[in-house]
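1. fold the following for me, if possible:
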Amino acid sequence: MGDRGMIDATAVRAVNTMTARWVRAAVADEGTVLAAAGVWPLLALLAGAADGPARRELEGALGVAADGATALGRQVIEAMGALDGVDTATGLWTRQTLPVRPEWESQLPDGVRGALTGDPERDRKELDAWASRQTRGEIAEMPVPLAPDTLLVLAGALLVRTTWQQPFREGWMRPSSGPWRERSLAGLTRTTTDLDGVLRVVPATPAGPLTLSGVAGDNGLDVHLVLGAEGVPGGEVLEAGITALGGAYEGLSGSALPLGEAGPGVKVMEVTSWDPAPSLILNTPQFTVRARHDLLRHAELFGLRTAQDTARGHFPGISPAALAISSGQQSMTAGFSREGFFAAAVTAFSMAPGGVPQQRARLISVTYERPFGFVAMHRASGLVLTAGWVTEPEAGSDSPWGLPSR
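-> Just a heads-up that it's a prediction; the model follows:
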């Protein structure tokens, strides 16, 4: 578990399961992005210190036993932080009047240990500065409300970056149908002969047919674009896409696709070309997505229903003082550009009381010109780091493909 790039397989399955359930619940008509990989380890740190119904609910949400969960949460955070292109950080801030059990605190990942003064304005400045530092300015505010009775804040930061092995060319795209019809978008395009490494069409999932396009980063991270049939809700498409990436459904690779409309957004054609080798053109808009999530809106999903009850304490392993969850939120941003992909998340819990053609060749065109999903994944372990849904791509200028948009 401590080896670079090695993440506990049980934890990978648990994080991915939570991601799939969360996107199903959270993705609606607007674009969003989320990182269960930023939430799950913090819940694990809390679960080992919980008791009673709160402990059982956290176990159910985590998919692992509470015994040993704190240690596993630390291991996952440290293992993610050891991956190329991934940075993690953990912070704990407590009121000086709150006794914290050293045996729990010693199990936490290394990181900031700070004090809450009870002055919300003063404490806010310190917490916001930490969030900004850990995400290189992408997340400017710690996603936690502060009140005079806030006793504890446990936060985690996750930063994901990769540069494409093969950059895209910038241009523009103007969809002819769907919700982006006739809009000028900042387009990205590239051509490859690696049909099977880039494209997979899954004909049958609970959400209908899916098209999955993998974009490989240079550091072991990949971003998969997920397109479903027109009109299928985004939450269903993205949930099925994450499950499909785990190998749950039969699919066809690019070289096995028949001529014609071969999947959502996929056309297989025969064209004249200098080179008889098959090729694939991937077209997608550039995008930046931001979101803030109130985790307590989906309290059952995260095992936090009982833990909010202020009538009693739920975390005797943290402190002899009675503690209840008062807030749980995540702020997140992600961007997909010509050069690569980045994502930043802060999660916090608080407690209170071209050429002239010569030959025929097969060409596959894959176009993402209506709302679609994306999944950033660690290639070797299959861990889903972030997932999101794009409804508002970046606007572009009216210039033809291949000419930079300005």
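
2. surely Ala71 touches Gln107?
-> Yes. Between Ala71 and Gln107 there is a contact at 6.0 Å, judged by Cβ atoms under 8 Å. In short, each C-beta sits where N, CA and C put it, glycine included.

3. what sits in contact with each of those two?
-> Common contact partners of Ala71 and Gln107 (Cβ atoms under 8 Å, 6 or more residues apart in numbering): Gly48.

4. so the two - more neighbours on which side?
-> The neighbour comparison of Ala71 against Gln107 (other Cβ atoms under 10 Å) goes to Gln107, with 17 against 14.

5. can you give me the strands in the stretch 251-400 of the chain?
-> 252-253, 260-263, 266-273, 279-285, 287-294, 324-336, 340-352, 359-367, 372-378, 384-390 (DSSP state E, counting those that start in this stretch).

6. can you list the domains in the chain?
-> Structural domains annotated on the chain: 9-162+287-352, 164-286+356-390, as defined by automatic domain parsing.

7. now do the end-to-end distance for the longest one.
-> Spelled out, that is domain 9-162+287-352. 34 Å (Cα to Cα, to the nearest Å).

8. over to the last one?
-> Between the opening and closing residues of domain 164-286+356-390 we find a distance of 20 Å, counting by Cα to Cα.

9. could you give the mean pLDDT of that domain?
-> Domain 164-286+356-390 shows a mean pLDDT of 92 in the predicted model.

10. gap between that domain and the chain center?
-> Domain 164-286+356-390 sits 18 Å away from the centroid of its parent chain (Cα atoms, centre = their mean, to the nearest Å).

11. name the residues that touch the helix or strand hosting Arg13?
-> Applying DSSP states H and E as the criterion places Arg13 in helix 9-26. Helix 9-26 is contacted from outside by 32, 34, 36-37, 39-40, 61-64, 72, 75-76, 235-236, 238-239, 242-243, 246, 293, 298, 301-302, 373, 381-384, 387, 389, using Cβ under 8 Å, 6+ apart.

12. how about a cut-off of 7 Å?
-> With contacts defined as Cβ atoms under 7 Å, 6 or more residues apart in numbering, helix 9-26 is touched by 32, 34, 36-37, 40, 62-64, 72, 76, 235-236, 238-239, 242-243, 246, 293, 298, 301, 381-384, 387.

13. what's the angle from it to strand 384-390?
-> Angle, helix 9-26 to strand 384-390, by axes from the mean of the first three to the mean of the last three Cα atoms, to 10 degrees: 20 degrees.

14. residues touching Glu392, list them.
-> Counted by Cβ under 7 Å, 6+ apart, Glu392 has contacts Gly31.

15. typo on my end, it should be Trp164
-> Applying Cβ under 7 Å, 6+ apart, we find Trp164 in contact with Val215, Gly217, Glu339, Gly340.

16. how long is stretch 348-368 end to end?
-> 34 Å.

17. going forward can the numbers begin at 32, since that is how I track them
-> With the count now opening at 32, the last piece we talked about shows up as stretch 379-399.

18. just the mean pLDDT for stretch 45-62, thanks.
-> 94.

19. redo the domains of the chain as CSV? Include distance to Gly427.
-> Formatted as CSV, the domains of the chain follow (distance: least, Cβ to Cβ, whole Å):
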stretch, distance to Gly427
domain 40-193+318-383, 12
domain 195-317+387-421, 4
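
20. could you double-check that Asp227 lies in contact with Leu283?
-> No. In terms of Cβ atoms under 7 Å, Asp227 does not count as a neighbour of Leu283; the distance is 9.7 Å.

21. buried residues, stretch 418-429. List them.
-> Ala418, Gly419, Trp420, Val421, Thr422, Glu423, Pro424, Glu425, Gly427 (16 or more other Cβ atoms under 10 Å).

22. from the middle of its chain, how far away would that stretch be?
-> With Cα atoms, centre = their mean, you get 17 Å for stretch 418-429.

23. now the angle from the helix holding Arg44 to strand 403-409?
-> Here the directions of helix 40-57 and strand 403-409 differ by 160 degrees (the same axes, to 10 degrees).

24. so after helix 40-57, what's the next helix or strand?
-> strand 63-65.

25. what helices or strands is that following strand leaning on?
-> helix 40-57, strand 318-325, strand 355-367, strand 415-421 (3 or more Cβ pairs under 7 Å, 6 or more residues apart in numbering; DSSP states H and E).

26. direction included, what does the second one pair up with?
-> Strand 318-325 sits in its sheet next to strand 355-367 (antiparallel), going by DSSP bridges.

27. and the strand it pairs with, average pLDDT?
-> Taken as a whole, strand 355-367 carries a mean pLDDT of 97.

28. let's see that strand as CSV, backbone CA atoms only.
-> Provided in CSV are the C-alpha atoms of strand 355-367 (Å, rounded to 0.1, in the frame of the first residue of the first chain):
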residue,chain,number,x,y,z
ALA,A,355,-21.9,16.3,15.8
ILE,A,356,-21.4,17.1,12.1
SER,A,357,-22.5,20.7,11.4
SER,A,358,-21.5,20.9,7.8
GLY,A,359,-19.8,19.0,4.9
GLN,A,360,-19.0,20.7,1.6
GLN,A,361,-16.8,20.4,-1.4
SER,A,362,-15.6,23.1,-3.8
MET,A,363,-14.2,22.0,-7.1
THR,A,364,-13.0,23.2,-10.5
ALA,A,365,-11.8,21.3,-13.5
GLY,A,366,-10.6,22.3,-16.9
PHE,A,367,-9.9,20.5,-20.3
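
29. quick one: that strand to strand 310-316, angle?
-> 130 degrees.

30. could you give the angle of strand 355-367 to strand 371-383?
-> Strand 355-367 and strand 371-383 are oriented at 170 degrees to each other (the same axes, to 10 degrees).
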